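A.B. asks: Got a sequence here, can you model it:
(3 chains)
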Amino acid sequence: METRVATVKMRNITKTFGSVVANDKVWLDIYKGEILALLGENGSGKTTLMNMLSGIYFPDEGDIFINDEKVVIRSPKDAFDHGIGMIHQHFKLVDVLTAAENIILGLEGKLDIKAASAKIREICDAYGFEVDPNQKIYDMSVSQKQTVEIVKVLFRGADILILDEPTAVLTPQETDKLFAVLRNMRDAGKAIVIITHKMHEVEDLSDRVAVLRQGHFVGDMPTKETDAQEMTNMMVGHAVTLNINRPEPVDPKPRIEVSGLTVRSIDGILKLQDVSFTAMSGEILGIAGISGSGQKELLEAIAGLQPVEGGSICYIEDDGTRDELLGKDPLRIAEKGITLSFVPEDRLGMGLVGGMDLSDNMMLRSFRKGKSIFTDRKGPRNLAKRVVEDLSVKTPSIETPVRKLSGSNVQKVLVGREIASAPKVLLTAYAVRGLDINSSHTIYDLINQQKQNGVAVIYVGEDLDVLLELCDRILVLCAGKVSGIVPGRGAKKRDLGMMMTRLGGNSNV
Amino acid sequence: MFKKKEPLFHIVKRGEMPWYFSWGVRAAGIVLALLCCALISTLVTSENPIGIFATIIDGSFGSGRKFMTLLQNTSMLLCIALALTPAFKMRFWNIGGEGQALAGALASAACMILMKNQPNAVVISCMIVTSLAAGALWGAVPAFFKAKFGTNETLFTLMMNYVAIQLVAYFSVVWENPRGSGNIGVINPNSHIGWFPEILGSKYALNIIIVALVTVGMYIYLNYTKHGYEISVVGESERTARYIGIKVDRVIIRTMVLSGAICGLAGLLLVGGTNHTLNAAIVDGRGFTAVMVSWLGKFNPIWMILTSFLLVFLGRGAGEIATDFGLNASYGDILTGIILFFIIGCEFFINYKLSLTKVSRKEEK
Amino acid sequence: MLSAILSFLPRAVAQGIPLLYGSTGEIITQKSGNMNLGIPGVMYVGGICGVIGAFVYEQSLPSREALVPALAVLIPTLFCLLGSLLMGLLFCFLTVTLRANQNVTGLAMTTFGVGFGNFFGGSLVKLSGADMPFLALSATSNCFKKTLPFADKLGWFGDIVLNYSFLVYLAIAIALFASFTINRTRTGLHLRAVGENPATADSAGINVNRYKYLSTCLGCMVAGLGGLYYVMDYASGIWANDAFGDRGWLAIALVIFTVWRPNVGVLASFLFGGLYILHMYIPSGMNLAVKELYKMLPYVVTIIVLIISSLRNQRDKQPPQSLGLPYFREDR
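C.D. replies: Alright, predicted model coming up:
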């Protein structure tokens, strides 16, 4: 085993986006006939690294060798020429075309769908795929689309396959099928890289595992020689002290009671299953989980933006009156007098209007107030000024479209607006994503202030260190189910990591 | 070096530019367009360019009558452009202004013809109500299907134009006067029932004043009312609109009812105020020109006064060249087209810039 | 009754052919994601350029007998193709290279094209010194109108199927060829991908802008032939201003009606042509008004098709997904 040669060698790869270092001098070897699991938390640089191999990005520094030959990969086409194919999370398929047409898209020569279909069937038979070459993409399930993407890559003769979180959109049965196929491909001598942060997948599937943490290469080892505990430790690292202030909850009372909440996506995939919990006033409830575990659906369901299959979401007033929120849209919820603020993940696509200036964006929440047909401009303008001043938003003026602001300033504007309406409930999704340390602390302080004002805060986060220092209780989601609710004080980062990757966090299952 | 073909330049989006930059580029575009038009006119007529410009100006300001016609045509074009603007701001491509205005014109002509024995005030009130309603209906139908089923609004509103045109052609024959002419002729020529009163000694004055009021009203509506604000939010991002609880389909239908009603108003003004007759050409393609007026004016009613004025002014100037030099009347359309191409093209230089940096670095080697 | 049908069908075909050219051209264009509302203008330009070519050629001849039929056909056709190609290039330059709004550009092109046609038409009328407000190019037209010599000897079959000029068969051939190319060749596959999802096409290594340019220019040239057919064949070489009317918009209606399928367009255009002249065959007595209502039919039918296709929401019966949207790689 020791004498085999890596088919891909990445050496000293560094890539920065602005001031963010996504990859810092990463080394990685990929071998033929082996499934490599690339493991790491969100934002650890896994996708960036693989994008450089597949020609989406170009590294700032470092070299890539394929079969010991130094190569330059500038475009997806260059990558194909070197036999590298990547299946992205967002499929690149034309909906109204058939599978076969998509697979041969961009190739040259005479169009011969029959011959192509025959070759597709050949590939399918060789690895155990099920693809109907004549089926239209819009008729396919997500897993079928993914299969088409894989066949597309194989059709072009790729023997190094990279899959970016392929199971995020699949049901367990589909996942099993995919894994079987991937094993077949490995046995046929292909090199396979699967990006994931799900521990059990790594254990199930991979031969070797490489771990990235915050853009650095932490280490790699044969999967057999390690266990979930060790991998989790490598992934999350040691707890870092962030010095986030955590005041004691003030007079906590039940505010939002979620019970049996079940949500299905349009594709019919269960996103949330029988989720129950209670969020208290004057406390911060953290939601942890690997990305796509149902966090988005949970928040949007509470905010009245997500159709729900079953369960209930109750809003409880101080005097004990209960209001069912399910079946109400944001307008009806607001009309009920329930002030519910929501800082969504997609700041410019949902929370704010990119083309509008600061004061117009402030108006989004308040413009309906009053009987007048005219909008009140003064209030929002003053609010904009106040937010700019209080949160030290860097902007040329309050007449600047928010699209022109930097990420952290956009977020300050959004959070500033959402807490300005003196909410009873504050939902935040990835409130500090992409923000520098100072801005992040500004946001934590704001959230703490709200908590002390008696607001029930639900904080969806991805950084476990932050969750551990900020939240009073932490709910861990795993694949749409509640894996457990733990008190924030005294919880162990490793336990959270285990709960995120496995229901209940029990490593002995 | 020739292994990889590097493009000569690449295109980069510009950041925020001060307003004088963008309007400077537009002004430059117009000047270039005018020079181009003058050049072509010089070639066609062998008159010197200065003479051409003098003729153009003469076409609009040559006499009091010409000037009033200029203002009337500008106001009618502006009126339809104003009507389309809220829809455009909502990213709803209403190119059915022609049909919506015709529907309004048809309704008011119907009132004038069918109610010719009623008191004038009653007839005029009916005309106002029915023409606005007819225009609104013509706008609401495509809006309904867009809001509920996502039917392509560009094609739908376009087709609605021709339904209206044929409907008007039908009634032109039904109400023909004299018999066998296939034309309606001047309605109520003696009793003047349904004719709008002349004020300030001109039959155009009332129209111009009404459109001026609509302009101010639309400016306020778009910029200072809750409805206007909702329109902007829906146009910018439907997801954000849902997030803050705006009912998107309701806003679409409501806005198109308004858009259609103002088009109907334009039809009313054309029939009751100036032409006192009805035919399929009464709107005269303004429904289409208005799309360009609104777009070139950046959906801002105040700038649209300028763009509609510019287009009418040039159109009339070109018409004047045509009559003075014995050219065909369609000469105006050619010049209008050329000017539009220049203005459309110059938007690119406002939004993007060409960057040559990479090439120059290579050449240094 | 039979004789009425026998006279109706060829006239419906003759009415339908300009629409078929126009809609085939527009379908080719729209398949690339470009919505060219300038087609009515392009058809005017195509027509008038043909007229200019014919006029120049006829004027250059010493006598009528010197006319070479092949040249009389070739010169106007080349002029027509060149004129419409320039219109197509203009549209592409503004919308693809300069990324201008397609609706606005298209409408401006229609204004320009109709004006261009009427201006030169009117000017040529004046140049020719005719005392009527139209220009007659009957010699050229006769060459365009040549039919198969034995066609009228074959009874009703010959009248309905064979008794047309070459531009009619060319229109059908182009429509069928376009259909074949779009659906059965690699070029067509890439074209569809560009119109549906340019970002995906781009990442598959397809040159999006080149496809947009080529298909739009080609589409304009095909549409321009519709104008040429109208003047040279249908109108017997007589150019009168505005006579072409709103057939350009009807061609766009036909695009929707056929749900972007040129082969269906062949029969659909005859149907539209039939609807257009139906009023002449309906025993409406002296009621001329009803005639105008019949002319409304093609538009109403198109609206109904548009609504039904959006109601049924069948994915392959929809407009190309990125229709009307500009593509800029860095916007992704």
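A.B. asks: Tell me the residues on the stretch 151-300 of chain B that lie near chain A, please.
C.D. replies: For the stretch 151-300 of chain B, the contact set with chain A under Cβ under 8 Å from any Cβ of the partner chain comprises B:224-230, B:232-233, B:236-237, B:239-240, B:242-247. (Glycine included, C-beta is placed from N, CA and C.)
A.B. asks: actually the stretch 51-200 of chain C, not the one I wrote
C.D. replies: Applying Cβ under 8 Å from any Cβ, one finds that the stretch 51-200 of chain C approaches chain A through C:184, C:185, C:186, C:188, C:189, C:190, C:192, C:193, C:196, C:197, C:199, C:200.
A.B. asks: Please verify my assumption that the second one contacts residue A:112.
C.D. replies: Right, residue C:185. No: counting by Cβ atoms under 8 Å, residue C:185 stays clear of residue A:112, with 10.3 Å between them.
A.B. asks: picking up where we left off before, and the residues of the stretch 51-200 of chain C next to chain A, which are buried?
C.D. replies: Buried by 16 or more other Cβ atoms under 10 Å in any protein chain shown: C:186, C:188, C:189, C:190, C:192, C:193, C:196, C:197, C:200, out of these.
A.B. asks: Can you tell me the closest non-neighbouring residue to the third one?
C.D. replies: Excluding the flanking residues, the one nearest residue C:189 by Cβ to Cβ, 6 or more residues apart in numbering or on different chains is residue A:101, at 5.6 Å.
A.B. asks: now swap in the second one and tell me
C.D. replies: Ranked by Cβ to Cβ, 6+ apart and with sequence neighbours excluded, the top spatial neighbour of residue C:188 is residue C:182, at 4.0 Å.
A.B. asks: coming back round to it: of the buried ones among the residues of the stretch 51-200 of chain C next to chain A, which is the nearest to residue A:134?
C.D. replies: Nearest to residue A:134 out of these is residue C:189 (Cβ to Cβ; 14.0 Å).
A.B. asks: how far does the helix or strand hosting that closest one sit from the chain's center?
C.D. replies: In this assignment (DSSP states H and E), residue C:189 forms part of helix C:186-196. With Cα atoms, centre = their mean, to the nearest Å as the basis, helix C:186-196 stands 22 Å off its chain's centre.
A.B. asks: try stretch A:484-504
C.D. replies: With Cα atoms, centre = their mean as the basis, stretch A:484-504 stands 19 Å off its chain's centre.
A.B. asks: same deal with stretch B:113-124?
C.D. replies: Its chain's C-alpha centre and that of stretch B:113-124 lie 30 Å apart, by Cα atoms, centre = their mean.
A.B. asks: Just the CA trace of that stretch, in CSV.
C.D. replies: C-alpha atoms of stretch B:113-124 as CSV (Å, rounded to 0.1, in the frame of the first residue of the first chain):
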residue,chain,number,x,y,z
ILE,B,113,-73.0,58.1,-29.7
LEU,B,114,-75.5,56.1,-27.6
MET,B,115,-76.3,58.9,-25.2
LYS,B,116,-76.5,61.8,-27.6
ASN,B,117,-79.9,62.9,-26.3
GLN,B,118,-78.8,63.2,-22.7
PRO,B,119,-77.5,66.3,-21.0
ASN,B,120,-73.9,67.0,-21.6
ALA,B,121,-72.8,66.7,-18.0
VAL,B,122,-74.3,63.2,-17.7
VAL,B,123,-72.7,62.1,-20.9
ILE,B,124,-69.3,63.4,-19.9
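A.B. asks: hang on, the earlier thing: looking at the residues of the stretch 151-300 of chain B next to chain A, which are in helices?
C.D. replies: Among these, the members falling in helices (DSSP state H) are B:224, B:226-230, B:232-233, B:236, B:239-240, B:242-243.
A.B. asks: Just the buried ones from the residues you listed?
C.D. replies: Judged by 16+ other Cβ under 10 Å, buried ones among these: B:226, B:227, B:228, B:229, B:230, B:232, B:233, B:236, B:240, B:242, B:243.
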